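Colleague: Give me the fold of what follows.
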Amino acid sequence: MLAYRNLRMNWRNIVPHVHEKQKLLIPRKKDRRIKLTPEQRIEIRENPEGLSNYKLAEKYGVSKRLVQFIRHPERQAKNLQDRHDRGGTMKYYDKEKHRETMKDHRQYKKELYDKNELVKSDSTDSQ
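Modeller: Take a look at the predicted model:
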């Protein structure tokens with residue numbers, strides 16, 4: 001009986017949302033997870049004004065670390081390798097915070113689906 005009750009309680013987690021079954025994507029301009037446009041990344045990489053990482057981060061409203069990784073991709077690769085060597089990315093993982101973030105993201109994606117603003121995954125419009 002306990003297994004049946006647990007299955008009933010977790011049933012919502014088993015059934016995928018419509019936009020997940022149809023492999024619909026959020027258009028890049030509406031995706032809140034993307035902090036910089038490709039053009040901004042190019043500007044940061046070229047840095048024609050000769051600004052420091054701190055000033056670039058302040059200008060674009062992102063972290064200094066993100067600017068450093070854009071300007072020096074080899075440092076990002078080394079960071080990922082070091083993190084993998086230490087045992088993965090679970091060191092600072094907060095399960096409750098992740099659950100709330102995913103819930104918020106799914107709700108946002110559902111709102112876009114209801115407005116018919118999602119695109120098919122094979123479409124080039126998602127870029």
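Colleague: contacts, neighbours, all on C-alpha from now
Modeller: OK.
Colleague: which residues in this protein form helices?
Modeller: Remark: helices assigned in the chain by DSSP state H are 2-9, 11-14, 18-21, 38-46, 53-60, 64-71, 73-86, 95-114.
Colleague: what sits against the residue most central in space within the chain?
Modeller: Centroid-nearest residue in the chain, with C-alpha atoms, centre = their mean: residue 33, separated by 4.3 Å. Contacts of residue 33 were listed using C-alpha atoms under 8 Å, 6 or more residues apart in numbering, and none were found.
Colleague: quick one: low-confidence parts of the protein?
Modeller: 1-21, 89-92, 122-127 (pLDDT under 70).
Colleague: switch to 90 and redo it
Modeller: Applying pLDDT under 90 to the chain flags the ranges 1-35, 37, 48, 79-80, 82-99, 101-102, 105-127.
Colleague: Tabulate the CA atom coordinates of stretch 58-69 in PDB.
Modeller: Output in PDB follows, covering the C-alpha atoms of stretch 58-69 (Å, rounded to 0.1, in the frame of the first residue of the first chain):
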ATOM      1  CA  GLU A  58      29.900  45.700 -14.400                       C
ATOM      2  CA  LYS A  59      29.000  47.000 -17.900                       C
ATOM      3  CA  TYR A  60      27.100  43.900 -19.000                       C
ATOM      4  CA  GLY A  61      25.700  43.000 -15.600                       C
ATOM      5  CA  VAL A  62      27.300  39.600 -15.300                       C
ATOM      6  CA  SER A  63      29.900  38.100 -13.000                       C
ATOM      7  CA  LYS A  64      33.600  38.800 -13.300                       C
ATOM      8  CA  ARG A  65      34.100  35.000 -13.600                       C
ATOM      9  CA  LEU A  66      31.900  34.800 -16.700                       C
ATOM     10  CA  VAL A  67      33.800  37.600 -18.400                       C
ATOM     11  CA  GLN A  68      37.100  35.800 -17.600                       C
ATOM     12  CA  PHE A  69      35.800  32.500 -19.100                       C
END
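Colleague: Sweet, I'm off.
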